[in-house]
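Peer 1: output the structure for:
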Amino acid sequence: MRAPARFFTACGVSLLVAVAVVGAVVVTACRAGPHAAGITRAQADEIVRAHNAWRLRVGVPTLRWAADLAAGAQARAAYLAAHGCVIEHGLLPIDVGENLYHVGPLQAEGRKDELFIVSVTRIVDTWGAESADYSPVRDTCAWNRQCGHYTQIVWTTTEEVGCGMSVCSTLGQVWVCNYRPKGNIRILR
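Peer 2: This is a model prediction of the structure:
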């Protein structure tokens with residue numbers, strides 16, 4: 001049974017309060033389903049593994065999970081979900097980078113929209129697939145293509161990642177991953 005969309009928003013807010021008080025890794029605490037708001041410990045581990053698989057391909061050091069980055073990412077995901085499920089970067093601390101991902105609801109004619117369950121590996125692999133449009137020799141993206149998500153994943157000096165997710169009233173999802181130190185700064189490469 002699927003909980004009403006308004007429950008997801010309330011659940012997301014309650015998680016934000018818990019994070020502010022406890023300062024812990026954001027983990028799904030609501031019982032509405034596996035993706036009500038926030039991410040599970042298993043998903044956090046999968047996120048790190050998926051990022052490190054891409055980093056291994058280019059020979060850069062592995063990333064580790066950062067609870068404070070996850071709390072910030074969860075807060076940003078909840079904000080974006082509460083404001084129409086828009087995908088736009090916000091103000092971040094000077095040393096933090098951000099990747100965003102939107103998942104629409106599962107739609108079928110004659111049926112109510114449903115929450116589309118997506119694996120975090122698929123999200124990271126979507127960002128990583130931008131490598132096809134990246135030239136490491138010139139350190140640029142192909143003309144009119146995007147590769148900044150990929151370069152953030154494999155940025156040599158980045159050491160930590162933390163992610164969050166919120167469900168929108170439309171049953172779409174917003175995923176946010178934060179990175180420290182941020183990448184995509186030419187002087188840091």
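Peer 1: residue furthest from the geometric center of the protein?
Peer 2: Largest separation from the mean C-alpha position in the chain: residue 110, at 31.1 Å (Cα atoms, centre = their mean).
Peer 1: against residue 116, how distant is that one?
Peer 2: Between residue 110 and residue 116 the distance is 17 Å, computed by Cβ to Cβ, to the nearest Å. Just so you know, the C-beta spots here come from the backbone N, C-alpha and C atoms, and that holds for glycine as well.
Peer 1: just to revisit the earlier point, from residue 117, how far out is the residue farthest from the centre of the chain?
Peer 2: Following Cβ to Cβ, the distance that separates residue 110 from residue 117 is 21 Å.
Peer 1: give the next helix or strand downstream of the lowest-mean-pLDDT helix or strand in the chain.
Peer 2: Across the helices and strands of the chain, mean pLDDT, DSSP states H and E gives its lowest value to helix 5-22, namely a mean of 29. Next along the chain after helix 5-22, taking DSSP states H and E as the criterion, comes helix 41-58.
Peer 1: so residue 101 belongs to a strand, correct?
Peer 2: Yes - assessed by DSSP: H, G, I helix; E, B strand; the rest coil, residue 101 belongs to a strand.
Peer 1: and the helix or strand hosting residue 150, what's buried?
Peer 2: Assigned by DSSP H and E, residue 150 falls within helix 148-154. The neighbour-count check on helix 148-154 (16 or more other Cβ atoms under 10 Å) flags 149, 150, 151, 152, 153, 154 as buried.
Peer 1: now pLDDT and distance to residue 131 too, for these, in JSON lines please.
Peer 2: Compiled in JSON lines, the buried residues of helix 148-154 are given as follows (pLDDT from 0 to 100; distance: Cβ to Cβ, whole Å):
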{"residue": "149", "pLDDT": "93", "distance to residue 131": "10"}
{"residue": "150", "pLDDT": "92", "distance to residue 131": "5"}
{"residue": "151", "pLDDT": "92", "distance to residue 131": "9"}
{"residue": "152", "pLDDT": "95", "distance to residue 131": "12"}
{"residue": "153", "pLDDT": "96", "distance to residue 131": "9"}
{"residue": "154", "pLDDT": "95", "distance to residue 131": "8"}
